[in-house]
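> the sequence and its predicted three-dimensional model are supplied below.
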Amino acid sequence: MNSSSEDQILNGSAAPETLFEGIAQDLIQRGYSIIPNALSPALTSRLSAYAMETIDFDPAGIGRASQFHQNEFVRTDEICWIQGTAAVTTAWLNWMDCLKSYLNQRLFLGLFSYESHFAHYPPGSFYKRHLDAFSGESNRVLSTVFYLNSDWGKDDGGELVIYLPNEQDDCVSVTPLAGTLVIFLSEEFPHEVLPANRDRFSIAGWFRVNNSTAQRVDPPR
Ligand SMILES: O=C(O)CCC(=O)C(=O)O
Ligand SMILES: [Fe+2]
């Protein structure tokens with residue numbers, strides 16, 4: 001592929017406002033949004049190929065910096081943080097930046113930054129029920145998960161289960177099919193990844209507010 005058609009694929013992935021408005025409405029009404037085919041098929045398949053072919057993954061841990069530890073009872077995926085050093089990851093970060101601006105204008109969320117990592121769940125891997133953020137302890141406001149797996153069937157497992165707050169055992173199950181984007185309020189929705197029967201690839205990310213003060217600079221993650 002020559003570089004101008006490549007640019008077209010990545011730049012032509014600008015997200016439509018109607019899609020952003022749908023996400024804003026979902027967040028207002030129920031606190032989460034599930035969008036099939038959110039990104040263009042071209043950008044989705046480029047991200048998918050990048051995750052499967054290019055990335056060196058590291059075992060995932062729990063907690064930040066000095067509190068970081070691995071715990072294979074809680075999660076057994078492996079991850080790679082996204083820096084935006086390739087055209088395809090820059091296109092991803094641009095898309096998320098547009099969404100951040102839209103949600104800030106529309107919902108006054110004051111989102112300040114976005115961090116994200118590729119994740120690989122080898123067969124049998126899982127991430128037990130957890131919250132991405134605890135009230136007052138984290139600056140993660142919105143969680144996002146974007147799936148990169150084509151042809152994902154019922155037998156492949158690996159669903160994301162989102163538990164609805166205040167509704168005993170009521171939950172929503174999401175198939176990790178390529179193109180699906182999930183967004184939810186980080187402090188409100190416990191969720192888990194059920195064991196997958198085949199390799200499962202995704203991008204998990206978080207929109208954050210800035211809690212820096214004169215005494216303490218907010219760490220990047
Ligand atoms: O991959 C998923 O479906 C969710 C991952 C997740 O919950 C996380 O990384 O915090
Ligand atoms: Fe999570």
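In hand now; what should we look at? Numbers count the residues shown, from 1 in each chain. Ligands and ions are numbered 1, 2, ... in the order given.
> am I right that Asn37 is in contact with Phe146?
No: distance between Asn37 and Phe146: 11.3 Å, which falls outside the contact criterion (Cβ atoms under 8 Å). Every C-beta, even on glycine, is put in place using the N, C-alpha and C of the backbone.
> compare those two (neighbour count), which wins?
Remark: of Asn37 and Phe146, Phe146 carries more neighbours, 26 against 13, as counted by other Cβ atoms under 10 Å.
> and that one, what element?
Assignment of secondary structure by DSSP states H and E places Phe146 within strand 140-147.
> check which helices and strands that strand is in contact with.
Contacting strand 140-147 under the criterion 3 or more Cβ pairs under 8 Å, 6 or more residues apart in numbering; DSSP states H and E are the following elements: strand 181-185, strand 200-208.
> out of those, which comes closest to ligand 1?
When the helices and strands packed on strand 140-147 are ranked by proximity to ligand 1, the top entry is strand 200-208, at 3.6 Å, counting by Cβ to the nearest ligand atom.
> run through the residues that contact Asp199.
For Asp199, the contacting residues are 52, 120-123, taking Cβ atoms under 8 Å, 6 or more residues apart in numbering as the criterion.
> up against ligand 1, what does this structure have?
On the criterion Cβ under 6 Å from any ligand atom, ligand 1 has as its neighbours in the chain the residues 119, 127, 132, 145, 160, 176, 191, 193, 202, 204.
> now with 8 Å?
On the criterion Cβ under 8 Å from any ligand atom, ligand 1 has as its neighbours in the chain the residues 60, 75, 77, 79, 117, 119, 121, 127, 130, 132, 143, 145, 147, 158, 160, 174, 176, 182, 191-193, 200, 202, 204.
> show me these that map onto strands.
Secondary structure assignment by DSSP state E places 79, 117, 119, 121, 127, 130, 143, 145, 147, 160, 174, 182, 191-193, 200, 202, 204 of these in strands.
> any of the residues you listed buried? List them.
Burial by neighbour count, judged by 16 or more other Cβ atoms under 10 Å, picks out 79, 117, 119, 121, 127, 143, 145, 147, 160, 174, 182, 191-193, 200, 202, 204 from those.
> what's the helix or strand encompassing Ala42 in contact with?
With elements delineated by DSSP H and E, Ala42 resides in helix 41-53, which encompasses its position. Counting by Cβ under 8 Å, 6+ apart, helix 41-53 makes contact with 9-10, 12-13, 37, 39, 86, 88-89, 91-92, 95, 118, 120, 146, 148-150, 178-179, 199, 201, 203, all of which sit outside it.
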